[in-house]
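Trainee: any chance you could fold what I've pasted below:
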Amino acid sequence: MNRPERSEGNAQLPLHQLFLLLLLLTVSIPADILHFEGIVPPDVDKAVMNAEYHRIYRLAAPRQRPDPSPLRVVYYSDKTTENFNGVLPEWGGGGTIGGDLIVIPTTFKPFLDQSFAQVTRHELVHAVLARAYPGLYIPRWFHEGVAMTLSGELSFQEDVIVSKAIFTGARMPFASIDSVNNFGRNRADLAYAKSHLAVLFLVDRYGIESIPDILSTAKRTGTFWEGMHTALALSPTDFDYLVNGDISSRYRFAFIFADYSAFWVAIAFLFLVAAGAALVRKRKKLDQMEREEKLEDERSAPAAEVLVPEKEPPELPGKTMFPSVSSETMPDDGTNPDNEENLDGDEYYDEDDNDYILADGVELEDEEDDEEFFDDGGASGNAEAGNEGGLDDPDKEKKA
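Mentor: Sure thing, here's the model as predicted:
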């Protein structure tokens with residue numbers, strides 16, 4: 001018996017194939033889990049945020065299927081009827097209540113200068129962690145650090161915040177971040193920045209899979225730090241030492257180059273230090289030059305003159321030695337006392353005695369004086385010298 005041919009217009013899919021097609025469409029097109037309420041900011045795309053929910057779930061809990069239960073995302077302001085101002089701290093840019101509600105104020109400046117789309121992704125991570133690991137205590141620093149890492153937040157501002165804290169010694173223990181909701185804005189900025197850098201340290205060293213490894217192991221062992229030790233062989237002490245050392249080495253001076261005010265203050269400080277060092281070097285150089293000049297003068301100065309007493313020439317018989325006449329005894333008008341005529345040097349002519357007085361005080365007597373001297377028999381000389389010269393009695397000479 002021949003089967004009737006099926007016309008193209010009457011062609012139909014079998015029921016089992018139609019069922020498989022519908023199942024495939026259901027699985028491939030995720031349902032809108034996020035339900036947006038309030039005035040949604042322009043930079044928030046609903047379809048993109050639904051896709052982000054599934055992406056974050058695959059990273060945080062790769063062995064689990066995403067929780068399909070509805071998740072409310074409420075954007076509110078002072079003008080909206082639903083207000084959650086009492087739920088968040090004064091600096092809070094958003095919050096997650098349990099795993100089913102996200103609230104984001106639109107009247108506040110976004111935390112760490114983030115956009116509303118970034119804040120929404122950040123809060124989605126908190127909701128996913130609450131849904132994937134219900135009942136597990138997760139430290140606040142890890143919660144916030146994972147939220148900032150998986151939401152793809154990049155902020156150079158947090159590097160500056162941590163760098164300033166290191167430079168001023170205002171370091172923050174990880175355990176204290178559990179009370180971050182009670183912090184002021186500046187301290188909260190530091191808590192979030194340090195949490196982010198701590199999780200980035202784990203991802204850089206152990207890979208992105210270290211996040212679900214720690215959490216899944218902690219869920220099995222019962223505590224977060226047991227999960228950390230089992231998965232990565234890190235105790236709380238080891239973790240603090242490694243992370244704080246890494247942060248200090250990387251970001252100690254980051255604020256100098258990122259913060260314009262600090263940069264110019266540092267430039268001014270370095271200028272003053274350089275100027276002071278230059279003045280000190282100049283002063284030392286001048287002092288050295290003065291010492292060298294003084295030493296050179298001492299070396300080039302003539303030796304001190306030693307006054308040696310002049311030897312007096314021996315007295316000639318019957319001669320009288322006269323002292324030298326210095327310029328101090330000379331009158332200002334250039335004339336000599338006692339009508340003495342100046343000759344060359346210190347010599348002069350004594351008109352009274354008709355003698356020449358040499359510079360060394362020796363008197364040159366003329367021949368007449370000599371004749372008188374001998375005629376007188378050397379009255380002022382030695383008598384024996386006259387007798388020895390064959391002279392006769394002086395009385396006889398006078399008579400002659």
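Trainee: and the strands in the chain?
Mentor: For the chain, the strands defined by DSSP state E occupy 34-38, 71-76, 95-97, 101-105, 340-342, 348-350, 355-357, 363-364.
Trainee: where among those is average confidence lowest?
Mentor: Ranked by mean pLDDT, those bottom out at strand 340-342, which scores a mean of 48.
Trainee: return the distance of Leu197 relative to Leu88.
Mentor: According to Cβ to Cβ, to the nearest Å, Leu197 and Leu88 sit 24 Å apart. To be clear about C-beta, it is placed using only N, CA and C from the backbone, and glycine gets the same treatment.
Trainee: tell me which of these two has more neighbours.
Mentor: For Leu197 versus Leu88, neighbours defined as other Cβ atoms under 10 Å are more numerous around Leu197 (20 against 17).
Trainee: would you confirm that the more buried one contacts Ile247?
Mentor: Yes: applying Cβ atoms under 8 Å as the test, Leu197 and Ile247 come out as touching, 5.5 Å apart.
Trainee: which neighbours do those two share?
Mentor: Listed as contacting both Leu197 and Ile247 by Cβ atoms under 8 Å, 6 or more residues apart in numbering are Val162.
Trainee: in the stretch 51-200 of the chain, where is pLDDT below threshold?
Mentor: 79-81, 85, 109-113, 155-156, 167 (pLDDT under 70).
Trainee: let's see it at 50
Mentor: Nowhere does the stretch 51-200 of the chain drop to pLDDT under 50.
Trainee: which residues in it form helices?
Mentor: 116-132, 140-150, 156-168, 185-206 (DSSP state H, counting those that start in this stretch).
Trainee: in CSV: the ones you listed, plus distance to Ile104.
Mentor: Below are these laid out as CSV (distance: least, Cβ to Cβ, whole Å):
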stretch, distance to Ile104
helix 116-132, 6
helix 140-150, 14
helix 156-168, 20
helix 185-206, 16
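Trainee: of the ones you listed, which approaches Glu226 most closely?
Mentor: When the helices of the stretch 51-200 of the chain are compared by Cβ to Cβ, helix 140-150 sits nearest Glu226, at 13.8 Å.
Trainee: quick one, that closest one and helix 185-206 angle?
Mentor: 70 degrees (axes from the mean of the first three to the mean of the last three Cα atoms, to 10 degrees).
Trainee: contacts for helix 140-150, please.
Mentor: With contacts defined as Cβ under 8 Å, 6+ apart, helix 140-150 is touched by 56, 59-60, 122-123, 125-126, 129, 174, 177-178, 180, 191-192, 194-200, 203, 211, 214, 224.
Trainee: domain map for the protein?
Mentor: When the chain is parsed with automatic domain parsing, its domains come out as 28-262, 327-399.
Trainee: how many other residues sit next to Ala130?
Mentor: The number of residues packed near Ala130 is 19, by other Cβ under 10 Å.
Trainee: isn't it right up against Thr96?
Mentor: Yes: between Ala130 and Thr96 there is a contact at 6.9 Å, judged by Cβ under 8 Å.
Trainee: low-confidence stretches in the stretch 301-400 of the chain?
Mentor: By pLDDT under 50, the low-scoring segments of the stretch 301-400 of the chain are 319, 325, 327-329, 334, 337, 339-344, 373, 378-392, 394-400.
Trainee: got the CA coordinates for stretch 241-251 in CSV?
Mentor: What follows is stretch 241-251, C-alpha atoms only, in CSV (Å, rounded to 0.1, in the frame of the first residue of the first chain):
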residue,chain,number,x,y,z
TYR,A,241,51.7,39.5,56.1
LEU,A,242,51.7,38.8,52.4
VAL,A,243,49.0,41.3,51.4
ASN,A,244,50.2,44.2,53.5
GLY,A,245,53.7,43.7,52.2
ASP,A,246,52.5,43.6,48.6
ILE,A,247,50.4,46.8,49.1
SER,A,248,53.2,48.6,50.8
SER,A,249,55.8,47.8,48.1
ARG,A,250,53.5,48.7,45.2
TYR,A,251,51.6,51.8,46.4
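Trainee: circling back to that earlier point, tell me which of the helices of the stretch 51-200 of the chain lies nearest to Thr106.
Mentor: Thr106 sits nearest to helix 116-132 of all these, at 7.1 Å, using Cβ to Cβ.
Trainee: got the angle between that closest one and helix 185-206?
Mentor: Using the same axes, to 10 degrees: helix 116-132 against helix 185-206 is 60 degrees.
Trainee: now the angle from helix 116-132 to strand 101-105?
Mentor: Counting by the same axes, to 10 degrees, helix 116-132 lies at 160 degrees to strand 101-105.
Trainee: buried residues in helix 116-132?
Mentor: 116-132 (16 or more other Cβ atoms under 10 Å).
Trainee: which neighbouring elements make contact with that helix?
Mentor: helix 46-60, strand 71-76, strand 95-97, strand 101-105, helix 140-150 (3 or more Cβ pairs under 8 Å, 6 or more residues apart in numbering; DSSP states H and E).
Trainee: redo that, cut-off 6 Å
Mentor: helix 46-60, strand 95-97, helix 140-150 (3 or more Cβ pairs under 6 Å, 6 or more residues apart in numbering; DSSP states H and E).
Trainee: tally of neighbours for Tyr53?
Mentor: Neighbours around Tyr53, by other Cβ under 10 Å: 23.
Trainee: so what's it up against?
Mentor: Ile33, Leu124 (Cβ atoms under 6 Å, 6 or more residues apart in numbering).
Trainee: and the gap between it and Leu124?
Mentor: Using Cβ to Cβ, one obtains 6 Å as the distance from Tyr53 to Leu124.
Trainee: one more: Glu82?
Mentor: Distance, Glu82 to Leu124, using Cβ to Cβ: 20 Å.
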